[in-house]
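*Asks:* Give me coordinates for this.
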Amino acid sequence: MEDKREAESAFEFFVAELSTRFTGLSSDQIDVEIERALQELVETLGTDRATLFEFSDDSASLRPIRSWARAPFEPETPPAMRANYPWSHGQLVRGQILRFERLPDEAPGEEARADAIRSGIKSVLTIPIAVGGRFVCALSTASLGSFRMWSDATESRVRTIGQILATAIHRQRTEAVLSAQIAEIRRLQASLEAENAYLRAEVAPAADFEGIVGQSPAIRTALARASQVAPLNTTVLLLGQTGTGKELLARAIHELSPRRDHILVKVNCAALPPTLIESELFGHEKGAFTGATATRSGRFELAHQGTLFLDEIGELPLDLQPKLLRVLQDGQFERVGGTRTYQVDARVIAATNRDLLRAIAESRFREDLYYRLAVFPMVLPALRERREDIPLLVWSIVERRGRELGRKIERVPRRVMDALVSYDWPGNVRELENVIERALILATGSTLHVEEPIAVAARPASERLDAIERQHILRVLDRCGWRIHGQGNAAALLGLRPSTLRSRMQKLGIRRPARPPQRHG
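*Replies:* The predicted structure is shown next:
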């Protein structure tokens, strides 16, 4: 009797101490503490093995998740109980307790006897445990070396321990689901915030950008082709000189497509350092590189179900081209520093002023990527190829920018308009906009006067275009003190990007003189 009271007291202490340990235990510590509890259960009851099984969400299957056994016996290991002990599995999923003292003699039927022989168990007590009205776990303890008796008190004790462990497992699983849901909410929130930030940054320039202006056959042909391809998911490659309106046409294609209700994301491949463009396109994980203090979605993720406009695609580093090719082919990519594969549905419109076929011949651009991009190539005409549109463009710019600058222009002299139409516009529409805007800023009345490029336009028509372009760039560089960046730089005056201006200078053999040339008043 004294031994019985001592055993009861020891078990009550074990339950109290176990309950205290599991109170407030963090999810990542639960598995270790469960295994420790199973060891203590074996040692307290004098059995050989204890195993905690977990029911599937539909309670149809049962698998061991933690087990401990005293030497020389082995812990219970997967696969699920159904595969190893079909009869025992069937009883437990119906909520039946397994309580056998002499196996396999007590096993009811051939299937149960086969289970017992296969397991090597002599005595076993397994109790299904419910939490919140659903079976969550089953706690089992077994004697493998000898037979033993199971009292009602022992059954009650095992059930109590099982309830503590099952509650901990249920809490762990619930917290895991909640954590996953919170992570997904945060991911969606971050994606939404990134998209909103991107849209806020795009609102101002988008509002400033007028519609496509022109009635010439060249521009009509371009717009007709754009309207044909817009409703499809076909990849489009826009070709043409800088300033011809490739970005504007890309926006028009997006707005005419079924993706118009989703975002149009723009990436200038020439404006980003090679070390950052991969992160910009595909995103990165926290710690992927110095300065990556947080996980960041890339532009492909932002453009999911929308359109991604890749401007200056000819500047994409060669080592990134296979990754872009994979996205175009399979819609799959990994973030920088990550291993998870993301699936994305984004239509790609690419643009370049480069000769990509020449770049392929010089091994600077992948041929397979070119053919994947150029499913539907479109060449945008240079402004000099649609001179009849120049008067329409001039008045469109005058009206739009005049309102913004507080200038009211009612007249453009014939000689000014003729000079504007005659000029070859190496910077195309962008250069025209810059010239007209400067004239508006300097305007003092209702008549528009334009100083440049009238002098250039008056040169003999026999002069070569590259010679005219070279002289014009030299004159602007001279005026700006050869500044290509910063305030009042030559690239801005020409309506070009700094990288494009450098490329033109190299092509035309323009080099800065040893001493800055003297400017004459």
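*Asks:* got any ranges where the protein has weak pLDDT?
*Replies:* Along the chain, the model assigns pLDDT under 70 to residues 1-8, 78-83, 192-211, 452-467, 513-521.
*Asks:* Can you give me the domain boundaries for it?
*Replies:* Here the domain parsing of the chain from automatic domain parsing is 2-177, 214-379, 385-508.
*Asks:* How far does the shortest one stretch from one end to the other?
*Replies:* The distance separating the two terminal residues of domain 385-508, taken as CA to CA, to the nearest Å, comes to 21 Å.
*Asks:* residues of stretch 501-510 that come out buried?
*Replies:* When burial is assessed from 16 or more other CB atoms under 10 Å, stretch 501-510 yields the following buried residues: 501, 503-505, 510. Where C-beta positions appear, they are placed from N, C-alpha and C, glycine not excepted.
*Asks:* Out of the domains of the chain, which is closest to E184?
*Replies:* The closest of the domains of the chain to E184 is domain 2-177. By CB to CB, the value is 10.6 Å.
*Asks:* mind checking how far the closest one is from the chain centre?
*Replies:* Per CA atoms, centre = their mean, to the nearest Å, the displacement of domain 2-177 from the mean C-alpha position of its chain is 45 Å.
*Asks:* Arrange the domains of the chain in a markdown table, one row each, with distance to A183 as further columns.
*Replies:* A markdown table is the format used below for the domains of the chain (distance: least, CB to CB, whole Å):
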| stretch | distance to A183 |
| --- | --- |
| domain 2-177 | 10 |
| domain 214-379 | 10 |
| domain 385-508 | 40 |
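*Asks:* out of those, which comes closest to R187?
*Replies:* Closest to R187 of the domains of the chain is domain 214-379 (CB to CB; 8.1 Å).
*Asks:* and the end-to-end length of the closest one?
*Replies:* Using CA to CA, the span of domain 214-379 from its first residue to its last is 16 Å.
*Asks:* picking that back up, how about TSV for the buried residues of stretch 501-510, with distance to H485 and secondary structure added?
*Replies:* Supplementary listing: these in TSV, determined by distance: CB to CB, whole Å; DSSP: H, G, I helix; E, B strand; the rest coil:
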residue	distance to H485	secondary structure
L501	10	helix
S503	15	helix
R504	15	helix
M505	14	helix
I510	16	coil
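*Asks:* And the residues you listed, which is closest to G120?
*Replies:* S503 (78.9 Å).
*Asks:* pull the CA atoms of stretch 345-356 into CSV?
*Replies:* The C-alpha atoms that make up stretch 345-356 are tabulated as CSV, following Å, rounded to 0.1, in the frame of the first residue of the first chain:
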residue,chain,number,x,y,z
ASP,A,345,2.5,35.7,-65.1
ALA,A,346,3.9,38.9,-66.6
ARG,A,347,3.7,40.1,-70.2
VAL,A,348,7.1,41.5,-71.3
ILE,A,349,7.5,44.4,-73.7
ALA,A,350,11.2,45.2,-74.4
ALA,A,351,12.7,48.1,-76.1
THR,A,352,16.2,49.1,-77.4
ASN,A,353,17.9,51.5,-79.7
ARG,A,354,20.8,49.0,-80.1
ASP,A,355,21.4,46.8,-83.1
LEU,A,356,20.8,43.5,-81.3
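*Asks:* And the helices in the stretch 301-450 of the chain?
*Replies:* Along the stretch 301-450 of the chain, the stretches classed as helices by DSSP state H, counting those that start in this stretch are 321-330, 356-361, 367-373, 390-405, 414-422, 428-442.
*Asks:* Checking T51 next. Helix, strand or coil?
*Replies:* Under DSSP: H, G, I helix; E, B strand; the rest coil, T51 falls in the strand class.
*Asks:* hmm, back to that, in a markdown table, list the helices of the stretch 301-450 of the chain along with mean neighbour count and distance to R384.
*Replies:* Written out in a markdown table, the entries for the helices of the stretch 301-450 of the chain read as follows (neighbours: other CB atoms under 10 Å; distance: least, CB to CB, whole Å):
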| stretch | mean neighbour count | distance to R384 |
| --- | --- | --- |
| helix 321-330 | 16 | 32 |
| helix 356-361 | 15 | 22 |
| helix 367-373 | 18 | 27 |
| helix 390-405 | 17 | 9 |
| helix 414-422 | 16 | 9 |
| helix 428-442 | 20 | 8 |
